[in-house]
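Q: Need the 3D shape of this:
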Amino acid sequence: MAGSSIRQAKEALELALGRLGPGDRFNVIEFNSYAQRLFDEAREATPDNVRRAARWVGALQARGGTEMAPAIKLALNGDEGGSDGSERVRQVIFLTDGCVGNEEELFRLIRERLGGSRLFTVGIGSAPNSHFMTKAAQLGRGTFTYVGRVEQVREKMSELFAKLETPVMKGLEVRWPHGVQAESWPARIPDLYAGEPLVLTAALDKLQGDLQISGERDGQLWQATVPLARAPTGEGIAGKGIAPVWAREKVASLMDALREGTPEDEIRARVIELATAHRLVTRYTSFVAVDKTPVRPPEEEAKLAAVPTLLPEGWEYDKLFGELPQGATDSRFALFSGSLALLIAFAMLLARRRSQ
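A: Numbering: from 1, shown residues only. Predicted structure coming up:
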């Protein structure tokens, strides 16, 4: 992380610290090539603790590296805030601009360590790994927020903080009418925050009866009834996109089953069948296009050319790939002394030849 990305990250952290209330507990974790946390455990959001955190955030520097696993282990440690027997909900905001190569390991960590916590991911900069961030937020029963430019930080983060400060609707369940065969997704319904809709896609054998939805809000039972006759279907112009959405959700659920140990041969066959029926691009299916437009005259020979590798805006080569190895000696002094020795040797050689 460097350039505009580190500025975005620090501004987002400063905004978060400013939204903490007297009853909140918090911690801050820095990660690059390694991870470290500000406090050994979550602290009360007292003015002194918040000021200390603000100074720590202000001193953060981009050091390169995006090792997320150690940070996730620290953030989702069972000893952190929210496990004290109170009604607190531990909300983890995971903020990064980096690309990730070990997605499956990170997904496994989130599943194993999440417990009753909620994970919210924030991608900053010009090229975050949106696929990983979206899936991580889904597994973490949170949401994904993308901040593309520095001037969007305050707006986007304020929207996220407003969600976090709003009482959550959790433990959502749906009950389909008796006699209705339903295959609905997502299999595990995420928590809801202010301004968020509850979206379900389902394949039904008939539209009759009422769908029962229940959840917990502020410790109280909440219920609602939705007549299935009013639900949009996959028929007609208005509903022609529903079937692919349902199929995409089912493919995602099958890929989750693969991560949890279901044999890949079984998953591959089911995904291919589903994807070809609904024309979806997946790990096992793709669209093939053949461009017949000539791009080079037949008589012209092809030539090899070196093309520089371009990084996304805001990224820096030395932060991503590391600087060249540095010795323990002063390189300038070594270069000067070596050149001086060569010059003296050359002068002595000339003097010897003249004396002969």
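
Q: Verify the stated contact: residue 272 with residue 281.
A: No: judged on CB atoms under 8 Å, residue 272 makes no contact with residue 281 at a distance of 11.9 Å. C-beta here means a position set from N, CA and C on the backbone, and glycine is covered the same way.

Q: Compare the two (neighbour count), which wins?
A: For residue 272 versus residue 281, neighbours defined as other CB atoms under 10 Å are more numerous around residue 272 (14 against 11).

Q: What strand or helix carries that one?
A: With secondary structure defined by DSSP states H and E, residue 272 is part of helix 264-278.

Q: for residue 218, what are its contacts?
A: Neighbouring residues of residue 218 by CB atoms under 8 Å, 6 or more residues apart in numbering: residue 167.

Q: which phi and psi does it have?
A: Torsion angles at residue 218 (phi, psi; degrees, to the nearest 10) stand at phi 50, psi 40.

Q: Quick check: chain neighbours aside, which residue is closest to the residue most central in space within the chain?
A: Taking CA atoms, centre = their mean, the centroid of the chain lies closest to residue 133, which sits 2.1 Å from it. Once flanking residues are discounted, residue 133 sits nearest to residue 121: 4.1 Å by CB to CB, 6 or more residues apart in numbering.

Q: That neighbour touches residue 145, doesn't it?
A: Yes: using CB under 8 Å, residue 121 is in contact with residue 145, at 7.3 Å.

Q: And these two? Which one has more around it.
A: When neighbours are counted by other CB under 10 Å, residue 121 comes out ahead of the other of residue 121 and residue 145, with 25 against 21.

Q: List the strands paired with the helix or strand harbouring that one, with their directions.
A: Assigning secondary structure by DSSP H and E places residue 121 in strand 118-124. Sheet partners assigned to strand 118-124 using DSSP bridges are listed as strand 91-96 (parallel), strand 144-147 (parallel).

Q: Next, format those strands as JSON lines and append distance to residue 302 and mean pLDDT.
A: Converted to JSON lines, the strands paired with strand 118-124 look like this (distance: least, CB to CB, whole Å; pLDDT from 0 to 100):
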{"stretch": "strand 91-96", "distance to residue 302": "40", "mean pLDDT": "90"}
{"stretch": "strand 144-147", "distance to residue 302": "40", "mean pLDDT": "89"}
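
Q: Dump those strands to JSON lines, plus distance to residue 248.
A: Formatted as JSON lines, these follow (distance: least, CB to CB, whole Å):
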{"stretch": "strand 91-96", "distance to residue 248": "24"}
{"stretch": "strand 144-147", "distance to residue 248": "16"}
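
Q: got the contact list for residue 176?
A: Each residue near residue 176 by CB under 8 Å, 6+ apart is listed here: 182, 184, 209, 211.

Q: what about 7 Å?
A: Residue 176 makes contact with 182, 211, according to CB atoms under 7 Å, 6 or more residues apart in numbering.

Q: Now do the helices in the stretch 101-250 of the chain.
A: All helices of the stretch 101-250 of the chain, identified by DSSP state H, counting those that start in this stretch, fall at 103-113, 130-139, 153-164, 236-239, 242-259.

Q: Out of those, which gets nearest to residue 5?
A: helix 153-164 (10.9 Å; CB to CB).

Q: what about that closest one, distance to the chain center?
A: Remark: helix 153-164 is offset 17 Å from the chain centroid, using CA atoms, centre = their mean, to the nearest Å.

Q: Pretty sure residue 14 sits against residue 57.
A: Yes: with contact defined as CB atoms under 7 Å, residue 14 reaches residue 57; the gap is 6.2 Å.

Q: Neighbour count for these two, which is higher?
A: For residue 14 versus residue 57, neighbours defined as other CB under 10 Å are more numerous around residue 57 (19 against 15).

Q: so which strand or helix has that one?
A: helix 47-58.

Q: ok so, going back, may I have the beta-bridge partners of the residue nearest to residue 133?
A: Counting by DSSP bridges, residue 121 is bridged to residue 94, residue 144.

Q: roughly how far apart are it and residue 154?
A: Computed as CB to CB, to the nearest Å, the residue 121 to residue 154 distance reads 19 Å.
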